[in-house]
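Visitor: Give the three-dimensional model of this entry:
(one chain, ligands or ions: 2)
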Amino acid sequence: MSIITFANEKGGVGKSTTSVHFAYWLADKKKKVALVDADPQRSCSKWIKGMGSTISVTILTTPDELLERIPEIAREVDYLVIDAPPGLAECSRAILFRADLAIIPCQPTGLDLDAASDAVRLVRQAQSVRGGLPNVGMFVNRAAKGTKLKDEALSLIQKINDVIALKTVIHQKQVIADAFGQGATVFDLKGAGASDAAAEFEKLFREIMRLL
Ligand SMILES: Nc1ncnc2c1ncn2[C@@H]1O[C@H](COP(=O)(O)OP(=O)(O)O)[C@@H](O)[C@H]1O
Ligand SMILES: [Mg+2]
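Guide: Ligands and ions are numbered 1, 2, ... in the order given. A predicted model of the protein is given here:
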């Protein structure tokens with residue numbers, strides 16, 4: 001039983017997209033997986049439902065519910081993936097008190113990197129209370145190929161103390177943006193763009209698994 005959350009108080013960084021893809025990828029590997037949707041927008045629940053997937057999704061949107069129910073849901077599965085909400089620091093805090101691993105997606109802009117420091121701060125608070133956990137990794141999402149911003153973002157996240165900078169970068173890809181509307185993940189969409197995106201996610205998820 002491992003509990004992995006995709007967290008960042010900034011919205012639009014790819015928490016829900018990565019949560020759904022990671023849960024789907026694990027289920028495809030025949031792992032027993034459940035998702036907790038802590039985002040009031042319920043993107044994950046709608047996405048999983050739209051795919052007709054059998055992955056079980058529980059909506060928990062208050063700190064009390066999150067603290068109390070995460071352990072019992074996690075006990076039933078190999079992996080519990082939690083899509084953390086934007087903005088709601090108290091919910092994120094509750095999730096970080098329960099997670100084994102927090103992954104922070106970050107877009108490669110100065111503003112986003114600055115906002116990610118709030119997420120790192122919350123993780124550090126949880127680590128200090130819990131005597132170490134959760135482990136924390138950060139990756140760059142929605143990067144444009146060959147840009148200076150992407151390289152700068154990568155070197156900046158490598159400098160954050162106690163945060164594991166993931167080497168895989170997920171690039172800005174139309175097929176990723178389209179996946180929700182198609183009721184699919186990039187793993188089941190056709191075309192070169194989809195296989196490129198699937199290969200990036202595969203690489204990212206292998207890196208994440210090594211942190212567990
Ligand atoms: N790598 C990517 N390439 C293109 N679009 C992306 C990528 N990652 C996320 N998106 C899009 O960005 C928006 C925000 O992503 P989402 O997963 O909802 O972020 P969050 O859950 O952090 O708010 C969505 O429209 C999503 O389709
Ligand atoms: Mg979301």
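
Visitor: which residues are contacting the helix or strand containing Ala23?
Guide: Element membership of Ala23, judged by DSSP states H and E, is helix 15-28. Applying Cβ atoms under 8 Å, 6 or more residues apart in numbering, the contact partners of helix 15-28 are 4, 6-8, 33-35, 39, 41, 43-44, 47-48, 51, 53-55, 78-79, 81-84, 86, 103, 105, 141, 170, 176, 179-180, 185-187, 201-202, 204-205, 208. In short, each C-beta sits where N, CA and C put it, glycine included.

Visitor: list the helices and strands the following helix or strand past it packs on?
Guide: The helix or strand immediately downstream of helix 15-28 is strand 33-37, counting by DSSP H and E. In terms of contacts (3 or more Cβ pairs under 8 Å, 6 or more residues apart in numbering; DSSP states H and E), strand 33-37 is packed against helix 15-28, helix 43-51, strand 56-59, helix 63-75, strand 79-83.

Visitor: do that again at 6 Å, thanks
Guide: Taking 3 or more Cβ pairs under 6 Å, 6 or more residues apart in numbering; DSSP states H and E as the contact definition, the neighbouring helices and strands of strand 33-37 are helix 15-28, helix 43-51, strand 56-59, strand 79-83.

Visitor: and Asn161, which of the three is it?
Guide: Three-state call for Asn161 (DSSP: H, G, I helix; E, B strand; the rest coil): coil.

Visitor: Around it, count how many other residues there are.
Guide: 6 (other Cβ atoms under 10 Å).
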